[in-house]
Each structure stands twice: as structure tokens, then as C-alpha cells.
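> Structure of the sequence below:
(chains A and B)
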Amino acid sequence: MIEKERRTGGLGEVLPPLSEHEARVEAYRCLFCYDAPCTHACPTHIDIPGFIKKIATGNLRGSARTIMEANILGATCARVCPVEELCEGACVLNAEGRPIMIGRLQRHATDHLFENGIRLFTAGPPSGRRVAVIGAGPAGLACAAELARLGHAVTLYEKRELPGGLSTYGIIVLREPVEVALAEAEMIAQLGVDIRTGRELGRDLTLDALLGEYDAVFLGIGLGGSPALGIPGEELVLDGLTWIERSKFEPEKMEVGNEVYVVGAGNTAIDAATIARRLGAERVTILYRRSEREMPAYRHEYEFARREGIDFRFLTQPLRVLGENGRVTGIECVRMRLGSPDASGRAAPEPVPGSEFTLPADQVIKAIGQEKPALIAELGLATERGFVKVDEAYRTSIDRVYAGGDCIRARGAASTVMATQDGKLAARAIHEHLGAAAAAAE
Amino acid sequence: MADLSIDFAGIKSPNPFWLASAPPTNSGAQIHKAFEAGWGGAVWKTIGAPVLNVSNRYGAWHYNGHKMLAINNVELISDRPLEVNLREMAEVKRAWPDRAVIASAMVESNPEAWRDIVRRIEDTGADGIELNYGCPHGMSERGMGSAVGQVPEYCEQITRWVMEAASIPVIVKLTPNVTDIVPPARAAVRAGANAVSLINTINSIIGVDLDTLEIVPSIGGKGSHGGYAGPAVKPIALNMLSSVARDPEIREAGVPISGMGGIATWRDAAEFLLLGAGSLQVCTSVMHYGFRIIDDLVEGLSAWMDEKGFATIADVVGRSVHRISDFKDFDLSFRAVARIDPAKCIRCDLCYIACNDTAHQCIDLVDGEGRRVEPRAYGPRANGKEEATANRPLPVVREADCVGCRLCYNVCPIDGCIEMVEVPSGRPSITWAELTAARPEVGTDWEAMKRYREENGIDIH
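Numbers count the residues shown, from 1 in each chain, chains lettered A, B, ... in the order given. Purely as a prediction, here's the structure:
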């Protein structure tokens, strides 16, 4: 494969930070709604008009506090939240087509905190209680931070080398640089949370041992790897999440084809395609077996992909990846048509007989979602549609074991901000439980 | 097309817009440029006693990103040599015979000094003289400016000296830094002034720098009160203008008033005319945007006059003065309530919180089924734009409880969304004056007031 010239734009953050003046002018536009719909739409219910007003007055530290009281991962969420579906989508100024740039204002305030090394929060007075949190992704970090602020001793176990979960490994740098996720984890470590990386439940730790050592356990274990496409030539196919991870840590070592196909049309597929395009692929095409209407990617992500020059072939299903000497040479597909609704409520695609065709290709990446983690079955947790089943208080079927984040997302779209809210609310539920347990013991 | 020309105490100009005596009229070159842009007249920056100016002269009051809602200054009168100003004044008048050129003057308080300056001004061919009795800073420390304007006797005395010497129209410019602007206005009229103008700038300290803790503007670490002007002072100017316009003594004398203080748009201009100004002076908005603003001032005013059927400026002047009343003559039975248009409402709920926190608690949030709901009626798991917007309740006025305070109308960010609608109160018209004439005890005894309210079905909770 020929070494390609890197496209201009590269892998840096797509949106530049707002200058102080831009932020202030934007903040002045905010009407300061009461019981604001943006706050309602935000899964963590940040007092958005409140933090924006503080930007307008030049109280950036207070602004960041308002954000992070509600959402300790405010710097990540400012960058990765689908704001068009949440706060900005609910802004009353949509009536005039110009909602406030809430995400970018939030980034302005939270960046101020990290750039100036300001520490806002401290651990609460020690409760004498200990909690183990499994998984240092958004749910685990948010849970650990809230527990620490409530005075509990928290140990956060993470199987990977670095904390942050998908924020560190799975969000493309165009949206969030690794440093932001790591700075948030560091802030949480400074709250006294003992973050132990390279420690995996089921391999290095057992749940029984944890329940013996800790008063409660929170599982923020996320989801597993990509499922197989289940077609011949599978061994030639690259995994989308691995592809994105490499783009964050070793982009210079990545080989990018000229004719790249990405299978799947979710947000990860768009991210994987964006990386391929930005690293110099001549043509990047997303293959999706249903139509544009059913694609799971957010509308604004789809529009972003079109602007990046990514092609889409809808109603197309790969049948086989063709290769020679371990290299992809083509992809055989079949045309699909939409039939009656399936279990997901969407029209079920079915192949059009005799419509097979082959496209020349030199790279195929799959991004068709994540499997349920094997750990769920290993621990013997009750499930709901394959996800960890929890009650209103985030309790699993095992006593003193709680869960949150993507691993419980049986309904709705998985997202960083939903996981963050889970972690925060689960921490409060654990805190209540620990208080109740202490009262019962007295 | 409306005729915008004016004859103000004998001073003629093609439109009522004059540049006020201030930095924009500091030199002949500037005034040439302003006249080219279309200004009807200019009051020259005050000439007179010798002065020296300082650096950092202007402070400003900015609000929510809007620059210069007001400006304040510690600049004195013209620091250019008197002869230069007088020579340029003559040149400008020769070049622009149809425009009003008015000299503003301020000298020491002695008759010789005033007689001398009046003669020298008249030699230039200027159309009139404005006596600066208003400058509130610096000059007042030397017994000039507002030190004169604040004492009706001085005001009258100096005006007499000028009137004895002057053959061209004389305008006395009044200071707002008094509790009542009418006595100095009467003093000027008694002394024979041909017109008055108001308001000069208001004593003010614009602010303190939160980094240096110095007064703004800082003159080498020191600050002072300065003269406050610009859009923020307009309501004060309108009040003072109408006080003078309504005064029987001044009305009887038939002395015209040149209005100024915060005129930035033709809308402001129209309001000054309606409250009795016969000519208009503009400064701060020109200092903000330059002479070019005259285009919209003239065009907008003219279009508005056409729309309203006013043929001349004289038709507009003072048209709303008679509507200014004392509280005691208001109809206590007049009733208006706020009404929110659901089609225009964007559900920012600013009216709701303003009413409930600080006014009369008569706006409810009502859901799609007409049920009253509390704010923030959602759980911690709520999320998404659909949920946040689809069933967002609407603010609705409980008209029976609405006192018609008009706060919601004022905070609403959407034009025409909230209207104040007149509703019948079911009570006959009565004013406080009439009521207390008929039943004086109502004004002195709460029990009598209670009885009166019960008789008339006035329920205040």
C-alpha cells in the first residue's frame, strides 16, 4: 500500500475552542430560561442557563462548578454529547433556528478548569465504608467521584492500561483528545479514588473476594467486542473499535487503503470511516443493509460524514470479503429490499435474489455494534435483553452489586452522558443503602 | 413627504437634527463632514475660557455585550485656541448657509467676559448662541457650567448680561443635576432667553476597575465624577423635557425647547418631539457610530410622520404632553391584564418566574390537558429533546388574579407574544383625587379603605 499524504485537517479536534470573546457573545445570547428545556433534555440535568450566565459575567470557575456538580465528566460530555438530540435540540431559540452553542460553551468553562489546574472538589468526611467500582469508563468514573465526594473509600479497577473507557479508547480525536479523558480521570484520582489499572474482574479479581472486602460493588463494565460478520473472508476484516483506538495512540503506524468499506451505519461506523478518510483513503464507503431512514447514526453525524466526503451504499449487504495473500481485494455484496418490520420495529431487510455484485476494495472495517460482555454470564447476573438487569436503584440481582452505563442500556441509545448519569445516581443509591445499613447495625 | 425643516426661535435648519455641543463638533473639518452627511445643524463644542484637557476622558457603561449604553466624560470645553474656533465657525457658516451653526459658550461669570464672547460669536455669522450652564465637571469647579445652572439666580443674571449684548437667538442649556429643572428654566426665560435646551450630562461615576481598583476612566490613578450621557439617560431626559414643556410659565412665554439626552434612533427622536422638543441634539450615538447615522434618523422620522399623517415637525411637537398626568388623576377603575399568545410563546418561562418570584403570582404553567403543573416536574432519568420540548407546559395568566403590572410584558423576549389587554373592571371611573375629595377617610384610615374596597368589589390578596 502506498504511503498517502495525510489530508489537511488531520485528526485534531474538529471544533476549535471558542475564544473568550466568542464565548461571552454567545453567552449573552442565552435567554436564561427558567426551568429550561436544555436542562430537562440533558441526562445529567446540568443547570445550563446558570453556567452560561456565569460565563457571561466572567465567573468561569463558578461556571465549571455548576457543570461539574451535575456532571463530573463535563469536559468529555461537552465534546462528545449528541447536543443536537439533547440540550441544543431543546433550546427555545430553535424557534428562530439559532440555538445556543451549549456544548462549546461547556467546553469553554471546563477547559478553563483543567488549563488552570483548578481543583473544585474534595473528598467528603470519611464514612468508613468501602466500595469497589469495576471499569473506569464514564459510568465507573462518575460513580467513583460521587462516592468519594460522599466520603466513601473507593477503589476503581480497570482492565485496560489507562482509565477513561471509551472516552480514552473509543472516541475519535476529532471529537475528544485522549488528554481530556485522562485529565478527568486524574481529577477523580485526586479526590482520593484509588484507580488500579490492568486489573480485570474475572481474571485478576473475583466478585466474591470483592464482596468480602468491600461494602458494595458497582459494575460499569460496558460492552464487549464487535460481533463477527459471519461471512467468508472474516479474517481479513478490521475491527472498527480497534481501528479507532489505533488512530488515537499510533496513527502514524496505520496503513490505510485507497478503497475502504465500512460495514454498519452507526456512529462508530461513521467515526471509523472519518478516520480512514482523514488518513488519506481515496474513497470511503459505508455499507448498510437497510435504508437511510433506518440508519442508527445521529442525523448530524450522517451530515458530518457527507461533508467529509464519505459515500453511503444503502440496502447493501456484504456476502464475502475477497482476498489474496492476506490482503483484501474486493467485497461481494447483495442488494437488499425492506420487508415487514422485525423485532426491533424496523423494516427487516431481505436479499434481492440474483442481485449479487462485487466491488474492488483494499480494506474492510466492521462497525456493527458491540456484543454483550461475557462477564454478565460468568457472574450469573440476571439480564434483560442480554444487558445487566437493574432496578430503579441500579441494584443487580446480586445483593450489594450495582451496575450502570452501557452494560445496562437495554433501552435507548448508549452514550457517555447517560452512563455518567447512571454512575452518579447509582452512587447516591449506594450511599443511601450504606447509610441504611449503618443505621440498621446501630 | 413630510417637511422636516424647522424654525427654532428664528434658527432655521432643513431637519431638526443638530449635533450637540461635544467632541463631534470640535472643529470645522468635522462639522463640514457632518453637514455633508446631512445633519441639519451643529452646536459648536463650547468655546470660552482657556482650558487644558487630560488623557483617558471617556468611560462607558456596557451591558450584556451592548457597548456604550452610556458614556461618561471628564473632557472640558474646547481646548483649541478661541481664534481658531471662531475663524472655522465663520468658514463653516459661509459654506453652509442653510444649516444651523450655533456657538456654545462658557466664560467667567462677569458681564464683560460674556459681552466680549457674544460679540466675537456674532462676528462669525453664527445663527445662535447656546449658553453652557450644564457642564458638571471641571468647569463647575471654576464657577462655570453647572455651578451656574444649579442656581436660578446666577442663571438669570448671566442670561441677562448675554441678552443685553446679543442680537442673534440665545438658547440656555440646562443642567439635569438639580432636584427640579423647572426653576432654572424659568429663570432663563425670565431673563429673556429665546429658547432652552436640555439635558446636559448627569453627574456620574461610571465604574471601578476590578483589577486595579481605580476609578474609570483613570487619569494617572485618579478619577472623578463625569458627565453621563447616551441611550441610558433618555428616560431621565424625557422626564425633564416634559416637566419644562408642561410648565405654565414657560408655555406662556412660548419659548421652544431643544431636546437631547440619549437620542440614538428616529424612534427616540419622535418621542422627544412628542414630549415638546422643537429641535433635537445628538451626541453619544454619533460618537459610537459616526455621522452616517443621520441617514436613518431623517428617513425613519420622515416615514413615521408620513404614516401618522404629520406634515410638519410643528405638527408633532408636544403632541403627547397633555397625556402626562399626576397619579391622582389616573382612573383607578382602568383595568388591563396580560395575555400570552401560545402560538408565539417559545416557553422560556421568564414571565412565569418574574411573576411568581417578584410580582403577583398569577402566571401558571399549564400542560397540554389544561392541568396546572409545577416547574421541573421531571425525574432524574428524564432526557432528550423530544421529552423536554414535546410536552413542555405553557405559561398562562390567571386573569382574575392579574393586577396588570406589566412585568411579564417587559421581560418577554418575543415581540407581540404578551399583550396587555384592557378588560372591564365593572366599576365606574374614579380618580384618587375624586375619591379622596368625596371620602377623605379612605386616604387616611385602612378600615375606611377596607369598607370602600368591599363596597366596590376590589379584592387584593
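
> Let me see the contact set for the residue of the stretch 251-400 of chain B found nearest chain A.
Distances between the stretch 251-400 of chain B and chain A by CB to the nearest CB are smallest at residue B:385, namely 3.3 Å. Quick note: C-beta positions are derived from backbone N, CA and C, even for glycine. Taking CB atoms under 8 Å, 6 or more residues apart in numbering or on different chains as the criterion, residue B:385 is in contact with A:37, A:41, A:84-87, A:89-90.

> Residue B:356: how many residues sit nearby?
Residue neighbour count, defined by other CB atoms under 10 Å in any protein chain shown, stands at 18 for residue B:356.

> Apologies, that question was intended for residue B:263.
Number of residues near residue B:263 (other CB under 10 Å) recorded here: 28.

> Just the pLDDT for the nearest residue to it once chain neighbours are set aside.
Spatial nearest neighbour of residue B:263, chain neighbours left out: residue B:282 (5.0 Å); criterion: CB to CB, 6 or more residues apart in numbering or on different chains. Residue B:282 carries a pLDDT value of 98.

> Walking through the stretch 251-400 of chain B, point out its strands one by one.
Taking DSSP state E, counting those that start in this stretch, the strands of the stretch 251-400 of chain B run over residues B:257-260, B:277-282, B:336-340, B:363-366, B:372-373, B:394-397.

> partners of the shortest one in the sheet?
In this case it means strand B:372-373. Strand B:372-373 has the following sheet partners, assigned by DSSP bridges: strand B:363-366 (antiparallel).

> likewise the last one?
Neighbouring strands of strand B:394-397 in its sheet, by DSSP bridges, are strand B:363-366 (antiparallel).

> same deal with the second one?
When sheet partners are counted by DSSP bridges, strand B:277-282 sits next to strand B:17-19 (parallel), strand B:257-260 (parallel).

> mind putting the ones you listed in TSV, distance to residue B:340 and mean pLDDT included?
TSV is the format used below for those (distance: least, CB to CB, whole Å; pLDDT from 0 to 100):
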stretch	distance to residue B:340	mean pLDDT
strand B:17-19	39	98
strand B:257-260	36	98
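
> So which of those strands is nearest residue A:340?
Closest to residue A:340 of these, according to CB to CB: strand B:17-19, at 74.3 Å.

> Now the element after that closest one, going C-ward?
Sequence-wise, the next helix or strand downstream of strand B:17-19 (DSSP states H and E) is helix B:28-37.

> Can you mark which positions in that next one are buried?
Buried residues in helix B:28-37, counted by 16 or more other CB atoms under 10 Å in any protein chain shown: B:28, B:30-32, B:34-35.

> where's it relative to the chain centroid, distance-wise?
25 Å (CA atoms, centre = their mean, to the nearest Å).

> picking up where we left off before, okay if I get the strands paired with strand B:277-282 as TSV plus mean neighbour count and distance to residue B:451?
Below are the strands paired with strand B:277-282 laid out as TSV (neighbours: other CB atoms under 10 Å in any protein chain shown; distance: least, CB to CB, whole Å):
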stretch	mean neighbour count	distance to residue B:451
strand B:17-19	28	56
strand B:257-260	30	46
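
> could those strands be laid out in TSV, adding distance to residue A:11?
Below are the strands paired with strand B:277-282 laid out as TSV (distance: least, CB to CB, whole Å):
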stretch	distance to residue A:11
strand B:17-19	57
strand B:257-260	60
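
> Residue ranges in the stretch 101-250 of chain B under the pLDDT threshold?
By pLDDT under 70, the stretch 101-250 of chain B has no low-scoring segment.

> Please identify the residue of it positioned nearest to chain A.
At 9.2 Å from chain A, residue B:210 is the closest residue in the stretch 101-250 of chain B, using CB to the nearest CB.

> Please report the distance of that residue from residue B:219.
The spacing between residue B:210 and residue B:219, counted by CB to CB, to the nearest Å, is 18 Å.

> same thing with residue A:152?
Distance, residue A:152 to residue B:219, using CB to CB: 58 Å.

> cool, residue A:260 as well?
Distance, residue A:260 to residue B:219, using CB to CB: 67 Å.

> Settle it for me: which of these two has more neighbours?
Shown here are residue A:260 and residue B:219; by other CB under 10 Å, residue A:260 has more neighbours (26 against 14).

> In a helix, that one, correct?
No: counting by DSSP: H, G, I helix; E, B strand; the rest coil, residue A:260 is located in no helix; its state is strand.

> contacting residues for it?
By CB under 8 Å, 6+ apart, the contact set of residue A:260 is A:273, A:276, A:281, A:283-285, A:361-365.

> As a markdown table, the residues you listed with secondary structure would be great.
Converted to a markdown table, the contacts of residue A:260 look like this (three-state DSSP):
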| residue | secondary structure |
| --- | --- |
| A:273 | helix |
| A:276 | helix |
| A:281 | coil |
| A:283 | strand |
| A:284 | strand |
| A:285 | strand |
| A:361 | coil |
| A:362 | coil |
| A:363 | strand |
| A:364 | strand |
| A:365 | strand |
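
> Going by length in residues, pull out the top helix of chain A.
Under DSSP state H, the helix in chain A containing the largest number of residues is helix A:416-441.

> hmm, that helix in reach of chain B?
Yes: interface with chain B: helix A:416-441 contributes A:417-418, A:421, A:425 (CB under 8 Å from any CB of the partner chain).

> Report pLDDT for residue 306.
Here I'm looking at chain A. 96.

> My question was about chain B, not that one.
Residue B:306 is assigned a pLDDT of 98 by the prediction.

> so what's the residue nearest to residue A:191 when sequence neighbours are not counted up against?
In this structure, residue A:191 finds its nearest non-sequential neighbour in residue A:148, 4.1 Å apart by CB to CB, 6+ apart. Contacts for residue A:148 (CB under 8 Å, 6+ apart) come out as A:123-124, A:154, A:188, A:191-193.

> Give me the subset of the residues you listed lying in strands.
residue A:154 (DSSP state E).

> In the contacts of residue A:148, find the pair that's most separated.
Greatest spatial distance among those (CB to CB): A:124 and A:188, at 13.9 Å.

> More neighbours: which of those two?
More crowded of residue A:124 and residue A:188, by other CB under 10 Å: residue A:188, with 26 against 16.

> thought that one was touching residue A:72?
Yes: the criterion here is CB atoms under 8 Å, and residue A:188 meets it with residue A:72 at 6.9 Å.

> quick one: common contacting residues for the two?
Contact criterion CB under 8 Å, 6+ apart; residues shared by residue A:188 and residue A:72: A:141, A:145.

> how many neighbours does the closest residue to chain A within the stretch 1-150 of chain B have?
Here the stretch 1-150 of chain B gets closest to chain A at one residue, residue B:65, 3.9 Å apart by CB to the nearest CB. Residue B:65: 13 surrounding residues under other CB under 10 Å.
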